[in-house]
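Novice: quick one: sequence and predicted model below, then my questions.
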Amino acid sequence: MKPQAMELVEGYRGGDLSPVEATRAALEAIEKYDEQVNAFVLVDAEGALAAAKESEARWHTGEPLGPGDGVPTSIKDALWTRGWPTLRGSTLIDETQPWDEDAPCVARLRETGAVILGKTTTPEYSWKGVTDSSRYGVTGNPWDASKTSGGSSGGSATAVGLGMGAWSVGTDGGGSVRIPAAFTGTVALKPTYGLIPLFPPSAFGTLSHAGPMTRTVRDNAALLDVISGFDARDWSALPTPARSFLDGLDDGVAGLRVAYSPNLGFVDNDPEVDALVRTAVEVLAEAGAEVTEVDPGFSDPVEAFNVLWFSGAAKVLQAYGDAVDDRVDPGLRRTAAAGAAYTASDYLDATAVRMELGLLMGWFHQRYDVLVTPTLPLTAFPVGQDVPDGWFSPEWTSWTPYTYAFNLTQQPALSVPCGLTSAGLPVGLQVVGPRHGDALVLRVGQAYQAITDWHLRTPTLEV
């Protein structure tokens, strides 16, 4: 197990570790594993080592720029990164245009002195729950490269899973940090909407969040500290948090009211997923949580989500006109065509469903502090396909029923690894909190990781 971000920072502070050593180790991991898993679209080894040397000098003088100074980090290729193209897995974007502005989270990472290694893979315009594109190919899983990493932040999850940097930042419009976290045995948070500002705004509107991706909950909280906070470029950005997300992280779950929903009332799970998640919930109960098995009481909101999501896909392709058919992922083209057929009334009806769901969950969290569910009902399936073999639907939302509801409601939702199946594939536990309850879901995840060691297991490709 490679050192995690907070271990690195403590090592830098004490002089036992160097940002240069950590960066070289991350670059060596990229060189060793990336040919098998295809997690990166761009790696700047020279620039990363130069940044690491500057960080090392700051630590030697006791003047680090911030709490992430020297931490090797990657960025999903959906977020603007100054000096590098942001191509979003698409052949439609002009690579030669000026790239002179950072997304808010990237700017915050530079300000803290993080070492940015490069950019990670995404499906075209982050439209689906697996990571492959005609521009960059397929991204494999750290536990089995023939299996998908999930998506759309699959490159970031695979990168942190294999030690190709301790931190990464992804985006999540319907599960896109949590899906790959569950499939790869890593940790990801979709925070309360607006906590991490976005610029430029997403075509998928207020469904889309940015989120920290790490190997541990503690690292996740530390990265959230760095990348959250007000940025005037995002009209919906929340105020900068008044305290660190590390504060109170170790307060445990004793007395917390935990609602456990094994299937939300409408999902069929793989039996091994069922068993591992139930065991994880028992761990929380043994740690003092007051666990009640109860469904939140909503029906599957997939149709409303699809109206909003498919409309966003239509908007993405609209800018390129009609002559893009042979240059676009066929699934994205199909989704965009469906989205273009929706009316304004359809969109408003879907928004009304969203508001009703938000109201229901607001009342639910008056009775329960958090809701826990599986992150996904299944484990990773083969790369290069949008759905499992023999699946009943071509839509990625058909196998992600636990994630997209909480993009509709904009609640924080955390995925932590909670076991391995008999085939050696990871399973995720999702912890959902009320809006603005980000510190609470991190606290529950940390309590679980303090007792278990699934987050410390070594991916198969490292063996």
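Specialist: On my side now, so go ahead. Residues are numbered from 1 along each chain as shown.
Novice: helices or strands up against the helix or strand residue 366 falls within?
Specialist: Element membership for residue 366 (DSSP states H and E) is helix 344-367. With contacts taken as 3 or more C-beta pairs under 8 Å, 6 or more residues apart in numbering; DSSP states H and E, helix 344-367 sits against strand 257-260, helix 302-318, helix 405-408. Quick note: C-beta positions are derived from backbone N, CA and C, even for glycine.
Novice: how about a cut-off of 10 Å?
Specialist: Contacts defined by 3 or more C-beta pairs under 10 Å, 6 or more residues apart in numbering; DSSP states H and E place helix 344-367 against strand 257-260, helix 302-318, strand 370-374, helix 405-408, strand 426-432.
Novice: just the buried residues of whatever helix or strand comes next after the last one, please?
Specialist: Once the chain leaves strand 426-432, the next helix or strand it forms, by DSSP H and E, is helix 438-451. By neighbour count on 16 or more other C-beta atoms under 10 Å, the buried set for helix 438-451 is 438, 439, 440, 441, 442, 443, 444, 445, 446, 447, 448, 449.
Novice: stretch 389-402 now?
Specialist: Here stretch 389-402 shows 395, 396, 397, 399, 400, 401, 402 as buried, counting by 16+ other C-beta under 10 Å.
Novice: correct me if wrong: residue 74 contacts residue 122.
Specialist: No - if you go by C-beta atoms under 10 Å, residue 74 and residue 122 don't touch, sitting 11.9 Å apart.
Novice: out of those two, which sits in the more crowded spot?
Specialist: residue 122 (34 against 30; other C-beta atoms under 10 Å).
Novice: residue contacts, that one?
Specialist: For residue 122, the contacting residues are 41, 76-79, 86-90, 128, 131-133, 135-136, 139, 151-156, 170-171, 176, by C-beta atoms under 10 Å, 6 or more residues apart in numbering.
Novice: in strands only, show me these.
Specialist: 41, 76, 132, 133, 170, 171 (DSSP state E).
Novice: where exactly do the strands run in the stretch 201-350 of the chain?
Specialist: Remark: strands assigned in the stretch 201-350 of the chain by DSSP state E, counting those that start in this stretch are 209-214, 257-260, 290-293.
Novice: distance from the longest one to the middle of the chain?
Specialist: Read that as strand 209-214. The chain centroid and the centroid of strand 209-214 are separated by 4 Å, computed with C-alpha atoms, centre = their mean, to the nearest Å.
Novice: which other helices and strands does that strand contact?
Specialist: Packing partners of strand 209-214 (3+ C-beta pairs under 10 Å, 6+ apart): strand 72-76, helix 104-112, helix 154-161, strand 167-172, helix 178-184, strand 187-190, helix 217-227, strand 413-420.
Novice: quick check: the residue nearest to the spatial centre of the chain vs residue 157, distance?
Specialist: Most central in the chain under C-alpha atoms, centre = their mean is residue 177, positioned 1.8 Å from the mean C-alpha point. For residue 177, the distance to residue 157 equals 8 Å [C-beta to C-beta, to the nearest Å].
Novice: in stretch 372-384, which residues are buried?
Specialist: 372, 373, 374, 375, 376, 377, 378, 379, 380, 381, 383.
Novice: stretch 86-105 too?
Specialist: For stretch 86-105, burial by neighbour count (16+ other C-beta under 10 Å) applies to 86, 87, 88, 89, 90, 92, 102, 103, 104, 105.
Novice: how long is that stretch from one end to the other?
Specialist: 14 Å (C-alpha to C-alpha, to the nearest Å).
Novice: tell me the mean pLDDT for it?
Specialist: The average pLDDT within stretch 86-105 is 96.
Novice: run the chain-centre distance for that stretch.
Specialist: Averaged C-alpha coordinates place stretch 86-105 at 20 Å from its chain's average position (C-alpha atoms, centre = their mean).
Novice: now do stretch 140-160
Specialist: Between the centre of stretch 140-160 and the centre of its chain there are 12 Å (C-alpha atoms, centre = their mean).
Novice: going forward, the N-terminal residue is numbered 828.
Specialist: New numbering, starting at 828: the last item is stretch 967-987.
Novice: between its first and last residues, how far does it reach?
Specialist: 13 Å.
Novice: got a list of contacts for stretch 1160-1177?
Specialist: 951-952, 954-955, 1128, 1130-1145, 1151-1156, 1221-1223, 1235.
Novice: which one of the buried residues of stretch 1216-1229 is nearest residue 1192?
Specialist: Of all the buried residues of stretch 1216-1229, residue 1192 sits closest to residue 1229, with 16.8 Å by C-beta to C-beta.
Novice: distance of that closest one from residue 1256?
Specialist: Distance from residue 1229 to residue 1256, by C-beta to C-beta: 10 Å.
Novice: and residue 1288, by the same measure?
Specialist: 23 Å.
Novice: more neighbours: the two, which one.
Specialist: residue 1256 (28 against 18).
Novice: residue 1125 versus the more buried one, what's the distance?
Specialist: In terms of C-beta to C-beta, residue 1256 sits 20 Å off from residue 1125.
Novice: residue 905 too?
Specialist: Counting by C-beta to C-beta, the gap from residue 905 to residue 1125 is 29 Å.
Novice: point out the most buried one among the helices and strands packed on helix 1171-1194.
Specialist: The highest mean neighbour count among the helices and strands packed on helix 1171-1194, using mean count of other C-beta atoms under 10 Å, belongs to strand 1253-1259: a mean of 29.
Novice: who are the packing partners of that one?
Specialist: Using 3+ C-beta pairs under 10 Å, 6+ apart, strand 1253-1259 sits against helix 1005-1011, strand 1014-1017, helix 1098-1113, helix 1171-1194, strand 1197-1201, helix 1232-1235, strand 1240-1247, helix 1265-1278.
Novice: quick one: the third one to strand 1197-1201, angle?
Specialist: Spelled out, that is helix 1098-1113. With axes from the mean of the first three to the mean of the last three C-alpha atoms, to 10 degrees applied, the angle from helix 1098-1113 to strand 1197-1201 works out at 150 degrees.
Novice: elements contacting helix 1098-1113?
Specialist: Counting contacts by 3+ C-beta pairs under 10 Å, 6+ apart, helix 1098-1113 packs against strand 1084-1087, strand 1117-1120, strand 1197-1201, strand 1240-1247, strand 1253-1259, helix 1265-1278.
Novice: rewinding a little: any chance of the strands of the stretch 1028-1177 of the chain in CSV, plus mean pLDDT and distance to residue 1017?
Specialist: Shown next, in CSV, are the strands of the stretch 1028-1177 of the chain (pLDDT from 0 to 100; distance: least, C-beta to C-beta, whole Å):
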stretch, mean pLDDT, distance to residue 1017
strand 1036-1041, 98, 5
strand 1084-1087, 98, 18
strand 1117-1120, 98, 23
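Novice: okay, the ones you listed in a markdown table with distance to residue 831 next?
Specialist: Shown next, in a markdown table, are those (distance: least, C-beta to C-beta, whole Å):
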| stretch | distance to residue 831 |
| --- | --- |
| strand 1036-1041 | 7 |
| strand 1084-1087 | 26 |
| strand 1117-1120 | 29 |
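Novice: since that was my last question, I'll sign off now.
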